[in-house]
Structures are given as C-alpha cells and as structure tokens.
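*Asks:* The sequence and its predicted three-dimensional model are supplied below.
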Amino acid sequence: MTQAKRGKLIVISGPSGSGKNTVINRLLQRTKWPLVLSVSATTRPPRPGERDGVDYFFVTPEQFERMKQAGEFVEYAEYVGHWYGTPRRWLEEQLQQGRWVLLEIDVQGALQIKRLFPDAVLIFLRTPSLQEYERRLRRRGTEDEATIQRRLAQAKQELAYARHYDYEVVNDEVDRAVAEIEGILDRLGGEQACTKN
Ligand code: 5GP
C-alpha cells in the first residue's frame with residue numbers, strides 16, 4: 001500500500017492589518033502546491049463580513065477553555081485580549097493526506113509550532129515601516145483608537161521576534177510578496193523532489 005507523503009507546515013505571521021490576508025488569499029489562488037489554510041478558533045467577535053467556519057470558528061471564552069482543556073489545540077495564544085487557537089485534528093488529517101497546511105498565526109503560536117514541528121517553515125510578513133502599518137490599520141477602519149494603539153504596540157514587540165523566523169518577506173507590493181513566498185514554497189517542494197529518490 002502506498003501512503004501519501006506527509007505534508008508540510010508553513011507559518012505566516014505578521015501584524016494584523018499588514019496586508020497579510022490579501023497576500024495569503026492571492027497565494028492560495030495562485031500556488032501550484034497543495035496548500036490549504038487552517039481555520040483557527042477565536043474568542044474575538046467577528047468583524048463585519050467575517051464568516052463563522054470560514055475566517056474563524058467564533059467561540060465563547062467558555063467554549064475555548066473547554067477545547068483547550070480537551071487538548072483540541074495544537075497551539076494557542078492570547079492576542080490583544082482575545083484567545084486564538086489552531087485546531088489539532090484537521091491539521092493532522094491534512095498533513096497525513098500530504099497537504100501543505102498554512103497557519104496564519106501570531107509569533108507566540110509560531111514559536112510553539114516550531115518546537116513541536118521543527119521542519120515547519122516560518123515566514124514573517126512585514127510592512128515596509130511601522131508608519132505604513134499604522135496607515136493600513138486606520139484605512140481598514142475596523143478598530144477603535146485604543147485597539148489601534150494596542151495593536152501598534154503589539155506589532156513593535158512582534159518585530160523583535162522576526163529573527164526567529166526562517167524568512168522575512170516585506171509586503172511592499174502584494175504580487176511581489178506573493179511571488180517571493182511562492183519561491184520559498186518552490187524550494188520546499190524541490191527539497192521534497194530531491195529526497196524522494
Ligand atoms: P486578528 O484578530 O487580526 O484576526 O488576528 C490577530 C492575531 O492573531 C494575528 O496576528 C493572527 O495571525 C493571530 N492568530 C490568528 N489565529 C491564530 C491562532 O490560531 N493561533 C495563534 N497563536 N495566533 C492566531
């Protein structure tokens with residue numbers, strides 16, 4: 001019986017509002033690799049337009065705590081007052097089927113993943129500058145001023161973690177950033193092709 005080769009784990013982090021979602025969506029449309037995006041659970045309330053089970057599984061703090069206690073998360077973290085976690089079962093199933101699972105998670109989660117899965121590839125997506133990040137966050141207009149300030153402070157802290165990542169990609173222009181990430185995936189795929197024989 002032939003078994004599918006175990007898939008790969010790719011983590012993309014970067015301050016929220018850094019254009020990460022746009023880059024990830026375009027990457028998913030274009031990539032030639034069997035890339036699937038993990039849907040996290042969160043206690044954060046949905047933003048306008050966000051759909052349960054698509055953008056996140058929106059859960060209450062009590063539900064999140066139950067899932068955490070039951071070991072249903074492969075990693076979890078608190079981010080600016082809300083909890084976020086990666087469901088374990090789906091991730092394992094996808095990897096077993098040979099898919100490449102993309103996790104869009106914060107730096108705390110990324111470091112947990114790297115400890116658990118040393119082969120995971122960590123990509124840090126950053127805006128050209130903090131000023132640019134602030135501009136994008138304000139343009140999005142989904143957060144109040146206090147939240148914007150907290151997210152900016154968080155982003156400054158996160159930048160210090162970038163050195164733990166395997167790659168740092170500057171999101172100066174969406175298509176260019178996507179092409180750079182696709183290049184990273186090609187190298188990963190190339191390694192796979194080499195080790196097959
Ligand atoms: P947002 O509220 O803007 O959707 O996400 C806030 C932060 O939480 C982002 O940095 C995002 O990458 C991160 N995040 C989303 N899902 C998860 C998760 O499952 N685990 C961890 N550790 N972080 C997550």
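*Replies:* Okay, I see it. Residues are numbered from 1 along each chain as shown.
*Asks:* what mean pLDDT does stretch 177-186 have?
*Replies:* Averaged across stretch 177-186, the pLDDT comes to 97.
*Asks:* ok, which residues in the chain are in contact with the ligand?
*Replies:* Within reach of the ligand by C-beta under 6 Å from any ligand atom, the chain has these residues: 13, 16, 40, 44, 75-77, 79, 84-86, 104-106, 108-109. Yep, even glycine has a C-beta here, placed from its N, CA and C like the rest.
*Asks:* Counting only strands, which of these make the cut?
*Replies:* Among the residues of the chain next to the ligand, DSSP state E puts Ser13, Glu75, Tyr76, Ala77, Tyr79, Tyr84, Gly85, Thr86, Glu104 in strands.
*Asks:* just to revisit the earlier point, can you tell me which of the residues of the chain next to the ligand has the most neighbours?
*Replies:* Ser13 (27 neighbours; other C-beta atoms under 10 Å).
*Asks:* Distance check, that one against Trp90.
*Replies:* 20 Å (C-beta to C-beta, to the nearest Å).
*Asks:* Specify the beta-bridge partners of Pro87.
*Replies:* Beta-bridge pairing for Pro87 (DSSP bridges): Phe73.
*Asks:* Report how many residues lie close to it.
*Replies:* Pro87: 17 neighbours (other C-beta under 10 Å).
*Asks:* Equivalent analysis for Glu143, please.
*Replies:* Neighbours of Glu143 (other C-beta under 10 Å): 17.
*Asks:* Hmm, Gly14 and Asn171 touching each other?
*Replies:* Yes - using C-beta atoms under 8 Å, Asn171 is in contact with Gly14, at 7.3 Å.
*Asks:* overlap in contacts of the two?
*Replies:* Lys20, Leu125, Arg126, Thr127 (C-beta atoms under 8 Å, 6 or more residues apart in numbering).
*Asks:* Which ones among the residues you listed lie within helices?
*Replies:* With helices taken from DSSP state H, the overlap with the shared contacts of Asn171 and Gly14 comprises Lys20.
*Asks:* Between the shared contacts of Asn171 and Gly14, which sits nearest Val178?
*Replies:* Val178 lies nearest to Leu125 out of the shared contacts of Asn171 and Gly14, by C-beta to C-beta, at 10.4 Å.
*Asks:* All the strands of the chain, in order from the start?
*Replies:* Under DSSP E, the chain gives strands at 8-13, 35-37, 41-42, 57-58, 73-79, 82-87, 100-104, 121-126, 167-170.
*Asks:* So which of those strands is the most surrounded?
*Replies:* Neighbour counts (mean count of other C-beta atoms under 10 Å) averaged over each of these peak at strand 8-13, with a mean of 25.
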